[in-house]
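Trainee: Pasted the sequence and its predicted model underneath.
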Amino acid sequence: MSVQKAVKSSHYEAESNMEQDIVRKAWVFKPSALNFIWGGDSRYWVIPNEDRTPAELKKVSWLEVTGSYDKIEPGKTYRIGFKISLTADATGWDQAPVFMSAKIGKKGKTIWKRIKSVNNNIEKLKGGTGPVNIPDETDGRFEIFVSPSVAINQDTKLQFGLYEVWTGKWKTGLLIYEAFVEEV
């Protein structure tokens with residue numbers, strides 16, 4: 001008789017937990033609505049149960065936080081961002097190239113944007129002035145246009161993410177409060 005053990009994933013898979021912000025014309029994704037590579041292991045990430053608490057990065061060398069949004073409309077443009085800060089003792093961010101990506105559908109062309117404001121504003125992000133949106137004004141907006149020729153039966157899910165996977169260096173202390181998708 002063989003006995004199988006349930007294997008707990010080291011990744012955190014999102015719940016369907018986004019809310020509409022009518023003032024900003026945005027859909028807001030709290031941490032529980034995002035996917036975190038290594039988020040299933042509390043040695044690396046602490047994913048809160050409460051919506052008003054940020055996810056906290058304890059330690060990773062591979063930063064990958066992703067989400068998806070399926071309420072897009074052909075012919076529209078969407079702005080994508082994250083609200084973040086750093087803990088006072090955060091490390092590993094000075095030389096870590098942080099990027100965001102987005103694409104429409106699994107087979108869509110991925111667009112990338114380097115988010116230099118994370119590297120250039122480490123002290124501000126640690127300063128306790130509260131969370132900031134990235135990309136910020138110095139980075140410019142991160143937007144994706146949905147072609148008007150996208151078919152209704154085509155895969156039109158907007159997939160987006162925040163990454164630092166290239167240096168292999170350990171990073172700590174990132175706080176993610178939310179991600180957002182706004183119609184422009």
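Mentor: Perfect, I can see it now.
Trainee: Contacts only, for Val181.
Mentor: Ala26, Trp27, Phe29, Tyr69, Tyr78, Arg79, Ile80, Leu158, Phe160 (C-beta atoms under 8 Å, 6 or more residues apart in numbering). Glycine gets a C-beta too; all of them are placed from N, C-alpha and C.
Trainee: Tell me the secondary structure of the residue nearest to the third one when sequence neighbours are not counted, please.
Mentor: Going back to what we said before, that points to Phe29. Computed as C-beta to C-beta, 6 or more residues apart in numbering, the closest residue to Phe29 that is not its neighbour in sequence is Ala179, at 4.3 Å. Secondary structure, DSSP: H, G, I helix; E, B strand; the rest coil: Ala179 is strand.
Trainee: burial of Ala179, as a residue count?
Mentor: 27 (other C-beta atoms under 10 Å).
Trainee: For the nearest residue to Glu73 once chain neighbours are set aside, report the pLDDT, please.
Mentor: In this structure, Glu73 finds its nearest non-sequential neighbour in Val146, 6.7 Å apart by C-beta to C-beta, 6+ apart. Looking at Val146, its pLDDT is 90.
Trainee: picking that back up, how far away is the residue nearest to Phe29 from Thr66?
Mentor: Going from Ala179 to Thr66 by C-beta to C-beta, to the nearest Å gives 9 Å.
Trainee: What's the first helix or strand after the lowest-mean-pLDDT helix or strand in the chain?
Mentor: In the chain, no helix or strand scores lower on mean pLDDT, DSSP states H and E than strand 18-21, which sits at a mean of 76. Next along the chain after strand 18-21, taking DSSP states H and E as the criterion, comes strand 26-29.
Trainee: For Ile84, what are phi and psi?
Mentor: phi -140, psi 170 (degrees, to the nearest 10).
Trainee: so what's it bridging to?
Mentor: Val132, Ile176 (DSSP bridges).
Trainee: my guess is it meets Pro131, correct?
Mentor: Yes. Using C-beta atoms under 8 Å, Ile84 is in contact with Pro131, at 5.9 Å.
Trainee: Mind listing the shared neighbours of those two?
Mentor: Leu175, Tyr177.
Trainee: More neighbours: which of those two?
Mentor: Ile84 (25 against 16).
Trainee: what's near enough to touch that one?
Mentor: The contact partners of Ile84, by C-beta under 8 Å, 6+ apart, come to Val118, Leu125, Pro131, Val132, Ile134, Leu174, Leu175, Ile176, Tyr177.
Trainee: top of these by neighbour count?
Mentor: Going by other C-beta under 10 Å, Leu174 tops those with 28 neighbours.
Trainee: for this structure, which spans come out with low pLDDT?
Mentor: 1-17, 150-153 (pLDDT under 70).
Trainee: Kindly confirm whether my reading is correct that the residue nearest to Phe29 touches Phe36.
Mentor: No. Counting by C-beta under 8 Å, Ala179 stays clear of Phe36, with 11.5 Å between them.
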